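Asker: task: produce atomic coordinates for the following.
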Amino acid sequence: QLQGKILYHQLTVSSTVIGSHSITSCIERSEIMKCSKRPTTIQLGLAAATAVSLAASLTKSCDAFTSPLANHVNKRSVSSLGAIGLGPDDQSPTLEKEAAEDGMVGQKTFKYANPYDPERVIKGEDGEPLAHITDHDPYRLSRMSNSDRAADAWFGALLESEGESFLGPISEEHKQRLLQKVELVDEPVIAYGEEEWTPYVVRRLPTSPLYPAYGLETYGLPVPRRGAEAWRQFDVNGLIAMDYSGRPEGVGTDKELSEKEVEDAVASFKSKGAWLDDDSCDGRLVYINGRFCPSLSKTTDEVKNLNSADFESGLSTETLELLTRLPDGHTDKLAAEVPDSDKGPLNSLEKLSSPDHCVGKATSQFAINNQQGTAAFAALNSVKAGSVAYVHASMKDASADSEDEGNAPKPVLIVNAQTPSGGSASTEEDKGVAFHPRLLAVADDGSVLSLVQMCVDLNEDSEEAPCATFVNGYTQVYVGANANMTHAFLEETGGQVTSRVEISDEEA
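Answerer: Numbers count the residues shown, from 1 in each chain. Below you'll find the model as predicted:
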């Protein structure tokens, strides 16, 4: 509930819940109205009756639309807005002279134009000035709980696990992104009324330290936090209780199979519906325990496995740029420009979203609250993946298919299979193994692509000692203008992970 003057800019009010986005947009685009001399209470989620009373009260303040903003600000309204993080930046709660009556809306005189001015003197209880804090690094880890520290240690074990990286410059760049801690600096002060002004900023007094956003204390990309918005429905403590720093043997190299192993694998895949014969697909890439299997795959120039040799010899600039991209806005440059008749093409996610959608800089707390929490794991995939499944559909391929009796292109099949041991030779029962499958699919302008991606178990009845597995897959799909792409993803690994999600035919 907000008590005091009411902020609104329309004569009608919807009966739906008014969230912070709606209130924010009102503050940005409207004047502040003096609706009544008596304190009025608004509860978020206004009903139709409240809308009528609001409309009636607005008639008493016809000059609200034309009066300057400063004429409608008093101490109480500023305090209410500041308490919920929606107050304008240039208003200070410190007044040299208060209005004597509740109905007076006189002139405002602030001692400091900006209460967060670094030159401001703030005195302690003893009357002596408090020291200003300019070095924030000593406070970087001060808010972390034991669970937060355990999560960072768990992620660090995955990142620093034994074994080399295979994606060349992609691995190097993303590891640097993870290890480079965010810089602790104050956000720029943008005057209220300017185009880029937004209430979604973090401000501090000169005597207070500046903290990184939750999840960014140790790494440059946000890692899991039990209380974070992206992870609050997830058992983070259960996840980090298991060490998954093991890696499959031979990762980064092709897996060679005997004729008998190929025959058994094909039979197993067919029984699970995870197989397409050569004449039924345009390409097929099969991986077992994170390793590419040439004897089970059908490769072409457009459907192939990219290994360390391909990265060393050099891939196209466009392919490298796509592989470098991170989700959740941590790659600020948009994959495609947004046309704008006034400013020209827009290509920055931060600039495009900042004022109205509480996104802005990807490492800010407001932005992280709206993210899915996958950027750190995408970067981890780049560091630990042994290879990349690459699928490319071109306009030329689509034209050729259309000329062939009007038939649609055949699907491309990507299979990631894992055995009970996960390919690990470790005998430690309390240590699991991590897989990092990677897929890049590109459909050019006007192309047609049907992509089927499957994750299945293999050799479930073998005598291999079972091992806990952590699958950190990263699939990137880029679709051009007028392209037609169908992507099917089937996950059938891991058995029964949640009660009654998987049941046998007899139980059904």
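Asker: show the pLDDT at S295.
Answerer: Per-residue pLDDT puts S295 at 97.
Asker: enumerate every residue touching it.
Answerer: 256-257, 262 (Cβ atoms under 8 Å, 6 or more residues apart in numbering). All C-beta spots, glycine's among them, are computed from the backbone N, C-alpha and C.
Asker: which among the residues you listed count as buried?
Answerer: L257 (16 or more other Cβ atoms under 10 Å).
Asker: export the contacts of S295 to TSV and tack on secondary structure, pLDDT and distance to V448?
Answerer: Output for the contacts of S295, formatted as TSV (DSSP: H, G, I helix; E, B strand; the rest coil; pLDDT from 0 to 100; distance: Cβ to Cβ, whole Å):
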residue	secondary structure	pLDDT	distance to V448
E256	coil	94	34
L257	coil	94	32
V262	helix	95	31
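Asker: secondary structure element for G432?
Answerer: Following DSSP states H and E, one finds G432 within strand 431-435.
Asker: which elements pack onto that strand?
Answerer: Strand 431-435 sits against strand 243-246, strand 469-471, with contacts defined as 3 or more Cβ pairs under 8 Å, 6 or more residues apart in numbering; DSSP states H and E.
Asker: number of nearby residues for E217?
Answerer: 21 (other Cβ atoms under 10 Å).
Asker: separation between it and V452?
Answerer: Separation of E217 from V452 (Cβ to Cβ, to the nearest Å): 41 Å.
Asker: with S313 instead?
Answerer: From S313 to V452 the distance is 29 Å (Cβ to Cβ).
Asker: more neighbours: the two, which one.
Answerer: V452 (18 against 8).
Asker: wait, is the more buried one part of a helix?
Answerer: No - with DSSP: H, G, I helix; E, B strand; the rest coil as the criterion, V452 is assigned strand and is not in a helix.
Asker: show me which of the contacts of S295 is closest to N347.
Answerer: E256 (45.0 Å; Cβ to Cβ).
Asker: ok, and the closest non-adjacent residue to that closest one?
Answerer: S295 (7.1 Å; Cβ to Cβ, 6 or more residues apart in numbering).
Asker: can you classify that neighbour as helix, strand or coil?
Answerer: Relying on three-state DSSP, one would call S295 helix.
Asker: again with N305
Answerer: strand.
Asker: wait, it sits on K298?
Answerer: No - the pair N305 / K298 is not scored as a contact, 11.4 Å apart, by Cβ atoms under 8 Å.
Asker: which stretches in the stretch 151-300 of the chain count as strands?
Answerer: For the stretch 151-300 of the chain, the strands defined by DSSP state E, counting those that start in this stretch cover 243-246, 283-288, 291-292.
Asker: who's in contact with stretch 349-364?
Answerer: 20-21, 24-25, 28, 182, 187, 195-198, 200, 202, 212-213, 216, 220, 222, 328-330, 332-334, 338, 346, 366-371, 375.
Asker: try it again at 6 Å.
Answerer: Surrounding stretch 349-364, the residues in contact under the criterion Cβ atoms under 6 Å, 6 or more residues apart in numbering are 182, 196, 198, 200, 329-330, 332, 334, 346, 366-367.
Asker: quick check: A375 touching H330?
Answerer: Yes - taking contacts as Cβ atoms under 6 Å, A375 lies within contact range of H330: 4.5 Å.
Asker: these two - which one has more neighbours?
Answerer: Per other Cβ under 10 Å, whichever of A375 and H330 has more neighbours is A375, with 26 against 21.
Asker: so what secondary structure elements neighbour the helix or strand just after the strand holding G432?
Answerer: Heading C-terminal from strand 431-435, the first helix or strand you meet, by DSSP H and E, is strand 438-443. Counting contacts by 3 or more Cβ pairs under 6 Å, 6 or more residues apart in numbering; DSSP states H and E, strand 438-443 packs against strand 388-393, strand 474-479.
Asker: mind running it again at 8 Å?
Answerer: helix 317-324, strand 388-393, strand 448-457, strand 474-479, strand 484-492.
Asker: highest mean neighbour count out of those?
Answerer: Sort the helices and strands packed on strand 438-443 by mean neighbour count, taking mean count of other Cβ atoms under 10 Å, and strand 388-393 sits at the top with a mean of 24.
Asker: could I get that strand in CSV with only the CA atoms?
Answerer: What follows is strand 388-393, C-alpha atoms only, in CSV (Å, rounded to 0.1, in the frame of the first residue of the first chain):
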residue,chain,number,x,y,z
VAL,A,388,30.4,-29.2,-31.7
ALA,A,389,27.6,-30.7,-33.7
TYR,A,390,27.1,-28.3,-36.7
VAL,A,391,24.0,-28.1,-38.9
HIS,A,392,23.6,-25.6,-41.7
ALA,A,393,20.6,-25.2,-44.0
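Asker: quick revisit: need the residues touching each of A375 and H330.
Answerer: 221, 362.
Asker: OK, contacts around the residue nearest to S462 when sequence neighbours are not counted?
Answerer: Among residues not flanking S462 along the chain, P420 sits closest, at 6.3 Å (Cβ to Cβ, 6+ apart). With contact taken as Cβ under 8 Å, 6+ apart, P420 is in contact with 457, 459-460, 462, 464-467.
Asker: so who does L257 touch?
Answerer: So L257 contacts 265, 293, 295-296 (Cβ under 8 Å, 6+ apart).
Asker: try it again at 10 Å.
Answerer: Taking Cβ atoms under 10 Å, 6 or more residues apart in numbering as the criterion, L257 is in contact with 263-265, 286, 288, 293-296.
Asker: could you measure from the closest residue to L449 other than its chain neighbours over to K410?
Answerer: Nearest non-adjacent residue to L449, counting by Cβ to Cβ, 6+ apart: A393, 3.8 Å away. Between A393 and K410 the computed distance is 12 Å (Cβ to Cβ).
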